[in-house]
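**Student:** This is a predicted model, with the sequence first.
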Amino acid sequence: MNRFTLVRLPTLEAASLRVAKAPQTRRFRAGGIDLLDQLKEGLDAPDELVELRAVGGEIGEAMRGIREQSGGWSLGSLVTLAQLAEFEDIGVAFAALREAAGSAATPGIRNAATLGGNLLQRPRCWYYRHVDLECLKKGGSQCFALTGDNRYHAILGGGPSFIVHPSTLAAALVAHDATVVVSTGAAERRIPIAELFVLPTVDPLREHALKPGEIIVAIEVPKPGADQRSTYAAVKEKASHDWPLGEVAVRARLAGGKMSDVRVALGHVAPIPWRAPAAEAVLEGQAPSAELFAKAAAAAVAKAKPLEHNGYKIPLVAGLLREALHRLTAVPLPE
């Protein structure tokens, strides 16, 4: 790990300008979980880390808090995963967010890792993380996963890079039609969360659409519809600290015996959190049933294109979606 200077600035604008002036050698630091991993692995060597927790004033408070607004919620980017997992006031309408946050990593990591950092972490692909391999994500000419050990890689949306997006919260936030509030201190913009993430076909070197110096200050989830509920499900190789093999987040309204306003998002199966509109179309306006859920699950993975070693993800994710739908609607699982 190289030597670096930790810089604490009191305003968001000062922090933004500091990094924007030298984006190749300066980085923002929030929880620092993934950033310190990259430094230790030799993948990044910044001269300065600009501490976002030092930002004060009203915007600093907003970044560190969870606030109800217009019937929805503003989740500060510096809120830890542990805080979100334990925040019961958010209710059953947004249960997927709490469940996803509570499933991530270990208790120690959840106490430090932030919401914003979870969304912006770099890929966990072992080819990318190997300091001696110059893969496509690091400016090389090829994605080694295409012909190598690709058991954990993408089955949807892959190519030319086949990473899977590592965020645990992203799929749940996509399912909730969240909005990302981005600021430089001098200017602010709002981005639908699905537009925050960038496919490798757009830019194989990046996973998000933020400009140099832009900082996520909050994630806004809109007011839930009547009778809205949500849930999250994931499968890991081991129950302790591990990355999901696949995950599912589902949001829906259930009234009059039918489902409406359905959202289905899949995680760890594509280079971005992957919305499944074909599955949503199967479920929308229909009465919940085991047969319907099986049809929706098949639709969600119908366009999957597995690599040599990750075809197991197709039935795994289909099964996860069926499980999540049964749990969401309380329809008994078939024997």
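**Tutor:** Happy to help now that I have it.
**Student:** where does the protein dip in pLDDT?
**Tutor:** Within the chain, the ranges that satisfy pLDDT under 70 run 335.
**Student:** The nearest residue to P273 once chain neighbours are set aside and V79: what is the separation?
**Tutor:** Take P273 and drop its neighbours on the chain: the residue closest to it by C-beta to C-beta, 6 or more residues apart in numbering is A170, 4.0 Å away. C-beta coordinates here come from the backbone N, C-alpha and C atoms, glycine included. Separation of A170 from V79 (C-beta to C-beta, to the nearest Å): 15 Å.
**Student:** got it, and G157?
**Tutor:** Remark: distance between G157 and V79 (C-beta to C-beta) = 28 Å.
**Student:** Can you get me the start-to-end distance on stretch 36-45?
**Tutor:** 10 Å (C-alpha to C-alpha, to the nearest Å).
**Student:** One more: stretch 248-265?
**Tutor:** End residues of stretch 248-265 are separated by 6 Å (C-alpha to C-alpha).
**Student:** Do me a favour and get the end-to-end distance for stretch 206-223?
**Tutor:** By C-alpha to C-alpha, the extent of stretch 206-223 from end to end equals 31 Å.
**Student:** I'd like the distance from that stretch to the chain centre, please.
**Tutor:** From the chain centre to the centre of stretch 206-223 is a distance of 12 Å (C-alpha atoms, centre = their mean, to the nearest Å).
**Student:** quick one, which of A170 and V79 is more surrounded?
**Tutor:** Neighbour count, other C-beta atoms under 10 Å: between A170 and V79, A170 has more, with 28 against 21.
**Student:** Report the contact partners of that one.
**Tutor:** Residues in contact with A170 (C-beta atoms under 8 Å, 6 or more residues apart in numbering) are 118-119, 193, 197, 265, 267, 272-273.
**Student:** before we move on, what about Q142?
**Tutor:** Contacts for Q142 were tallied using C-beta under 8 Å, 6+ apart; they are 135-136.
**Student:** do you know how far it is from V202?
**Tutor:** Distance, Q142 to V202, using C-beta to C-beta: 18 Å.
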